Every structure is written in structure tokens, then in C-alpha cells.
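>>> One predicted model, sequence on top.
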Amino acid sequence: MTLVIMASIVSAASAAEVFEPFASTVQDGGTVNLGTIGPGQTLAITVNGVAPGLGGEQGNWGVLGVLETPNGWSGFDSAVFAKRMRATVKADPGAADGVYTVKFILTECESKDEICEAKHGLGSVTFFGTIRVSRSVLATAVPTTEVTTGVNQPARYTVVIENRGNANDVFEISAEGVPAWNFKKSVHVPAGGRLNTFYEIAVNEEKSYLPTITIKSISSDELKQSYDVSLVSKSDLAGDVRATKNGVLLFPAILEPLYSLMGILGYVV
């Protein structure tokens, strides 16, 4: 009878069922591929919080813990007794491109450092995850780089952001080269996602400008790309009519009905 129970414990504790970032099963002492992230990005690792225990009955894992990380990295353990155990690993913001290894433990205990009685017969599973760091996870584009608009009208630039890695991230869009303009726009792009958005710049005088638009991950300054664009601001009725399509004119409220009409006309000017 004792031999049967011991065999159940060994069998139950031999593998972890990984849900995220890829569905896979990793054996005790084994290695699993966890995908690609950029410097400073945070990767989530989710495993099944339940597994067959003694006598084939459902047992609950206690915690998914991060045991060892590369220098400059940080790890955060999952919640205790969750049905889906989700730990996270944050790369060093200055990490060089390459493959790194992180050590995990899935244990029936409430703490990764605890030695406890395996009441459900699950015991623990220690495994390794390999994570590739690459700056190529960020791909961006600004299709239209030349914009003409009216004074005090927003010049709108289309911005395309592609997150090719396995970590969700937030990206900040900003511009330099325009006096007194420090607006920053933040957008969320999920892992493997692509976002089409826009960034606007407004100026209050008739002049030509050469701004630089920068798209940067909030996770690391190593993940950023910049584009030199041009902005021509003109004070003329036709220009104001076209610009009204991109936003409300910054003029007295009493003239709003007129400019609403101009906005409509702008589509045919």
C-alpha cells in the first residue's frame, strides 16, 4: 500500500501544465521555451493550479515561485492556491540580446522556500524556462511624414506599432522639435499585437517645422524608434477647412457652428 501511495506522489509531481505564454507540459527538472521579449519587458508564466493527486483526486498546487533569475532581472511569485498560477519575470532594462534561463518551482507548499507535507500527493516540480531577449520585438512605422495644417490646428500623423514579442507592453509616443509642445500619448499593445493609432502636433504660428516623433516602450529606453517628419502651418481658409477634419478649431465658441460647417466642407476641399 505504501508503495502505491509513493508511486502516486512521484507520478503526480513529475510535470507542470503550462498555459502561458505557450501551452506545454514540462517535466520535473526539464526545460520549457517561454518565447521572446525585449529588454525590461515583463513576461507572464501561467500554469494549471490543480492536478491529479492521491488516488486520482484533484489536488491544489500551493504556489508557482521564481527561484533564480539572471543578474539584473526580477521575478514575482504567483498568488497562493490560484486555479491558474501566474508568475512574472522582468528582464533587465539593459539586457543584451541573447537567451537567458530562469528557474521555477511549482510546489504544494504555500511558499517556494517552504518544506511541507504533500497532503495532496503533488509534492513539487522544479523546472527551467528559456527566454530570448531581442530588440526586434518592436516594429513601427509612420507612413505619412509630411503634413500641412492651419494655425492652431492639429497635424495628425498615423503611427503603427507592432509588438512581436510574448510580453504585453505600453508604448509612449512623443515629439521633439516644436516649441512648447511636450504632449505624450501612451498606448497598450498586447503580445503579438499590432496597433494603428495617431499622434497630433499643434502650433500657434505660421511656420515650417521639422519634428522628430519617437515611439518608446515604457519598459526600457532600449526599445524605441524615431522618425523625422515635417509640419507646415498655414493661416488660410482652405487650410483651416481641411484641418478641421482632424480636430476642433481653437477659436471662440460663438464661431463653432461656422467651423462645424467648415469641417463638413473640408471633406470636399
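Alright, I've got the coordinates. Numbers count the residues shown, from 1 in each chain.
>>> distance of the nearest residue to P190 once chain neighbours are set aside from H188?
Leaving aside its chain neighbours, P190 sits nearest to N168 (5.0 Å; criterion: CB to CB, 6 or more residues apart in numbering). (Each C-beta comes from the backbone N, C-alpha and C, glycine too.) Separation of N168 from H188 (CB to CB, to the nearest Å) stands at 7 Å.
>>> Next: G150.
Taken as CB to CB, the span from G150 to H188 is 32 Å.
>>> From T140, how far off is the nearest residue to T214 once chain neighbours are set aside?
Distance criterion CB to CB, 6+ apart; nearest residue to T214, sequence neighbours excluded, is S226 at 4.5 Å. Remark: distance between S226 and T140 (CB to CB) = 9 Å.
>>> Which strand or helix spans the residue nearest to T214?
strand 224-228 (DSSP states H and E).
>>> same question, F198
Assigned by DSSP H and E, F198 belongs to strand 194-202.
>>> Which strands or helices does that strand pack on?
Secondary-structure packing of strand 194-202 (3 or more CB pairs under 8 Å, 6 or more residues apart in numbering; DSSP states H and E): strand 154-163, strand 169-176, strand 185-189.
>>> Count the neighbours of A16 for me.
26 (other CB atoms under 10 Å).
>>> does it really touch F127, like I thought?
Yes - using CB atoms under 8 Å, A16 is in contact with F127, at 6.1 Å.
>>> intersection of neighbour lists for the two?
In terms of CB atoms under 8 Å, 6 or more residues apart in numbering, A16 and F127 are both contacted by the residues V26, L106.
>>> quick revisit: who has more neighbours, G150 and H188?
Neighbours were counted for G150 and for H188 using other CB under 10 Å; G150 has more, 25 against 12.
>>> where does the more buried one land on pLDDT?
As predicted, G150 sits at a pLDDT of 92.
>>> Low-confidence ranges, the chain, go.
The chain contains residues with pLDDT under 70 at 1-13, 236-269.
>>> what does the one helix or strand T130 maps to rub up against?
For T130, the enclosing helix or strand under DSSP H and E is strand 124-133. Contact partners of strand 124-133, identified using CB under 8 Å, 6+ apart, comprise 13-16, 26-39, 43, 45, 67, 89, 91, 95-109.
>>> Narrow these to those that are buried.
Buried positions within the contacts of strand 124-133, assessed by neighbour count (16 or more other CB atoms under 10 Å), are 13, 15-16, 26, 28, 32-39, 43, 45, 89, 91, 95, 100, 102, 104-109.
>>> And the contacts of the helix or strand hosting V47?
Taking DSSP H and E as the criterion, V47 maps to strand 42-48. For strand 42-48, contacts defined as CB under 8 Å, 6+ apart pick out 16-21, 34-35, 37, 61, 64, 83-91, 104, 106, 129, 131, 166-168, 219.
>>> One more pass at 6 Å, please.
Defining contact as CB atoms under 6 Å, 6 or more residues apart in numbering, one finds that strand 42-48 is touched by 16-20, 37, 64, 84-90, 106, 167.
>>> strand partners of whatever helix or strand comes next after that strand, parallel vs antiparallel please.
Per DSSP H and E, the first helix or strand lying C-terminal to strand 42-48 is strand 50-52. Strand pairing for strand 50-52, using DSSP bridges, gives strand 58-60 (antiparallel).
>>> Let me know the angle separating the helix or strand just after the strand it pairs with from strand 124-133.
Downstream of strand 58-60, the first helix or strand assigned by DSSP H and E is strand 63-68. Orientation check (axes from the mean of the first three to the mean of the last three CA atoms, to 10 degrees): strand 63-68 against strand 124-133 gives 60 degrees.
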